[in-house]
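**Q** Please find the sequence and the predicted model below.
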Amino acid sequence: MCYHLGREAYLRGRTRASVKTAFLYSKDFEKFDYGPSHPLKTFRLKLTFELIRAYGLLSLPDTRFVESEIADEDDLVTFHDREYIEVLKAANRGVSVAGAGYYGLGVGDNPLFKGLLEWSRLVTGASLKAAAMVESGEVDIAFSISGGLHHAMASRASGFCYVNDPVIAIMSLLKKGKRVAYIDIDAHHGDGVQEAFYATDKVLTISLHETGRVLFPGGGFEEELGTGEGKGYSVNVPMPPSSDDELFVYAFDEIVPPLIKKFRPDIVVSQLGVDSFYSDPLTHLSYTNNGFCEIVKKIKVISPGWVALGGGGYDVANVAKAWTLAWAIMNDADIPEEIPGEFLARYPLEGFRSGKIRDERYIVSGREKTMMREEVERVVDFLRERLLLR
Ligand SMILES: [Zn+2]
């Protein structure tokens, strides 16, 4: 490394010219707030943006920084019921509306905060813009870090999600005649996306998540394989609690690349939730950003065009580190292990205490690992047989 060139020049020198990327962001993200006791902190988006910027990863030659656009109502109703959107409009003032509970609103997970529809439109607009840029060939990869709100149903808010931006982004790609595969690695099952495409063979949905036996939303079992024409096009890999990076990578390798090869998508949409890490307060998986990066690299290899979305992540430092690493991978940029000092000085959070961007390796061993491996192998064998991957 040539130290006298400085970080940016160093990164530029290490970046392959062929991959064009876009990073979707809005300063307005931070205007919205789920409330002081809610685990979803919109601040994590600003933190990620700041860390990416501190590493000089927004000024690479083939990278575009793109302001989010606001999705309009016509976009929202490609998936959501009009009646539900009317309720969200009324709830946007942050006060309760008639029948709120029926639509999943105002009950803990999905609080009625001021601007909740504007927030959802901004997030969805970013994911739609990401999809449009990849679809048109303007870029090869677009990363919409605010997106990935995969639990929202057609007429119900669920799991911190009011509007399902992955579904709406996929709908926009289908409208252009694209064949889409969706890969969801969030700790929670991507139930809203699965439900949207459960009966079609036009979209392949694959979700690897902590088993619904112990975690919200309580589904996503291996037997859920789609229905009618969609049979075999919904795939779920439930993982036992405490699963580590080794099991994560094993399950992914056995199922995802062979399915993508068979399905031959034009575009891959991925949900890159990082609530699967061992220090996440809401889940029980034991991944680190090392396993996460391995998977991100693999998704990049199998994606002809790639719309990358964010997702869960309730330890904000985890989120910033993991999505910065993911963005570096998308751009073929090697970044220094040490988090830039000026960033650390501004954000002295517990999760940055090591000063390093990569987590320490964490691998489970002994009897617990043997039992987990047996369970994951059972699920993999079941799926390989049902999906004819042998
Ligand atoms: Zn999640």
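**A** Here it is on my side, so go on.
**Q** Show the pLDDT at whichever residue of the stretch 251-390 of the chain sits closest to the ion.
**A** With CB to the ion, the shortest gap between the stretch 251-390 of the chain and the ion falls at residue 312, namely 2.7 Å. Quick note: C-beta positions are derived from backbone N, CA and C, even for glycine. Residue 312 carries a pLDDT score of 98 in this model.
**Q** In a strand, residue 308, correct?
**A** Yes - assessed by DSSP: H, G, I helix; E, B strand; the rest coil, residue 308 belongs to a strand.
**Q** Next one, pLDDT for it please.
**A** Value for residue 308, per-residue pLDDT: 99.
**Q** mind listing what it touches?
**A** 130, 141, 142, 143, 144, 270, 272, 299, 326, 330 (CB atoms under 8 Å, 6 or more residues apart in numbering).
**Q** will you turn those into JSON lines that also has distance to the ion?
**A** Output for the contacts of residue 308, formatted as JSON lines (distance: CB to the ion, whole Å):
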{"residue": "130", "distance to the ion": "20"}
{"residue": "141", "distance to the ion": "22"}
{"residue": "142", "distance to the ion": "21"}
{"residue": "143", "distance to the ion": "18"}
{"residue": "144", "distance to the ion": "16"}
{"residue": "270", "distance to the ion": "14"}
{"residue": "272", "distance to the ion": "11"}
{"residue": "299", "distance to the ion": "17"}
{"residue": "326", "distance to the ion": "16"}
{"residue": "330", "distance to the ion": "21"}
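**Q** Out of those, name the ones that lie in strands.
**A** Using DSSP state E, the subset of the contacts of residue 308 located in strands is 141, 142, 143, 144, 270.
**Q** Quick check: the fourth one touching residue 310?
**A** If I follow you right, that is residue 144. Yes - using CB atoms under 8 Å, residue 144 is in contact with residue 310, at 6.9 Å.
**Q** how close does the residue nearest to residue 351 when sequence neighbours are not counted get to residue 377?
**A** Leaving out its chain neighbours, the residue that sits closest to residue 351 by CB to CB, 6 or more residues apart in numbering is residue 317, at 2.4 Å. Separation of residue 317 from residue 377 (CB to CB, to the nearest Å) stands at 33 Å.
**Q** more neighbours, these two?
**A** For the pair residue 317 and residue 377, the greater number of neighbours falls to residue 317 (20 against 14), based on other CB atoms under 10 Å.
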